[in-house]
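>>> Attaching a predicted model along with its sequence, questions to come.
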Amino acid sequence: MSFAEHQTFHIREGWLYKGMAAIKASEAEGHLPTIFLDQDAPEKLGIGQNMVRALRFWMQATGLTIEHFENRQRCQRLTSFGQQVWQYDRYLEDEATLWLIHYHLACSETFATTWYWFFNYFSALTFEVSSAVEVLNQWVTTAYPNQSTAPGSLRKDLDCLLKTYTVNETHASPEDLIESPLSRLQILRKLDSDNPKRYYVERLNSGRLHPLILLYVLIDRQHRERNGISQVGLGSVLREPMNAGRVFGLTTTTLSDLLTELNRGYSDLHVRFVRTAGLDQLTLPDHKPIEILDRYYGEQKYLLDEEGENF
């Protein structure tokens, strides 16, 4: 459980690239990647000291890095997911990469507990900030009865979450001009100008999510929760915390449309739908999550190369 470790700074455009590039540069020079704790980190990264602390947090919360001790020094290394993002889309130009980062962030109970709560347990489609903070506080009290959390930290977390996913329309200061890349996903929006603290959670249109990204999440959850077995209940996909239905806000219809598109375009990755003993079951293809992302990014690179561009 963790709250307000972001120093009130949401993810900014270019930050995640800065973090990955700094780690890769240290490795290329034969140094341990201790950049986020180095005294000259603000100079090397071009951001303030508090922002360095925030970036250290965001790199882990988004699943791009993992931090551990090496030679008695605390280092950050890219995860297998981070390696794929660095290899294929380090500047986060592909919206699918943003959906993947969103998925890992929404599953980060340890680092980004408020994000984990919001996308897996908070069911309201419209809400006011004050009422959402109350619901979050009640959930924290129930989920972590032995932990003490200041209400102010919960409010800071929720405010940061909103800035992560909404477009800033006021630009009160020069810093506010730097928006979060995840705002491009259009997951949250302000409901009306008369009440700036009232928000709406957008339902995902199937055209916004590539079916291979859906398949990655389905298979990744199976590997993490069920030892990689191929069968999963439709209800689990739609309602289980950290699964595709919760994280992406899928309805039964949207999920069905995406699976139909997947089966139509990728016969070797076919997802079978079977009703057994009155239960709706999906049978997933026997692949690893990393293989699905390699397939997706390889396909995108081919399409861009066909247009004479560099990916």
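Good, I have the coordinates. Residues are numbered from 1 along each chain as shown.

>>> for this structure, longest helix please?
helix 289-306 (DSSP state H).

>>> Counting neighbours, which bits of that helix end up buried?
289, 292-293, 295-297, 300 (16 or more other C-beta atoms under 10 Å). Where you see a C-beta, it was placed from the backbone N, CA and C, and this is true even at glycine.

>>> Check stretch 224-234 too.
230, 232, 234.

>>> show me the contacts for the closest residue to residue 221 other than its chain neighbours.
Closest residue to residue 221 apart from its sequence neighbours, by C-beta to C-beta, 6 or more residues apart in numbering: residue 243 at 5.1 Å. Neighbour list for residue 243: 217-218, 221, 236-237 [criterion: C-beta atoms under 8 Å, 6 or more residues apart in numbering].

>>> Export these to TSV and append columns for pLDDT.
Shown next, in TSV, are the contacts of residue 243 (pLDDT from 0 to 100):
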residue	pLDDT
217	98
218	98
221	97
236	96
237	97
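
>>> Pick the one among the residues you listed closest to residue 109.
The closest of these to residue 109 turns out to be residue 221 (C-beta to C-beta; 14.0 Å).

>>> Which neighbouring residues are in contact with that closest one, exactly?
232, 240, 242-244.

>>> what ranges of the stretch 201-311 of the chain fall below the confidence cut-off?
Applying pLDDT under 70 to the stretch 201-311 of the chain flags the ranges 302-311.

>>> could you pull out the helices for it?
Assigned by DSSP state H, counting those that start in this stretch, the stretch 201-311 of the chain shows helices spanning 211-225, 234-239, 244-248, 252-265, 289-306.

>>> what's the closest of those helices to residue 9?
Proximity to residue 9, assessed across these by C-beta to C-beta, is greatest for helix 244-248 (23.2 Å).

>>> Which other helices and strands does that closest one contact?
Applying 3 or more C-beta pairs under 8 Å, 6 or more residues apart in numbering; DSSP states H and E, we find helix 244-248 packed against helix 95-106, helix 113-120, helix 211-225, helix 234-239.

>>> which of the residues in the last one are buried?
Which is helix 234-239. Judged by neighbour count (16+ other C-beta under 10 Å), helix 234-239 contains these buried residues: 234, 236-238.

>>> For that helix, give me every contacting residue.
Taking C-beta under 8 Å, 6+ apart as the rule, helix 234-239 contacts 218, 243-246, 250, 252, 255, 273, 280-282.

>>> Any of those residues buried? List them.
The neighbour-count test (16+ other C-beta under 10 Å) applied to the contacts of helix 234-239 identifies 218, 243-246, 250, 255, 281-282 as buried.
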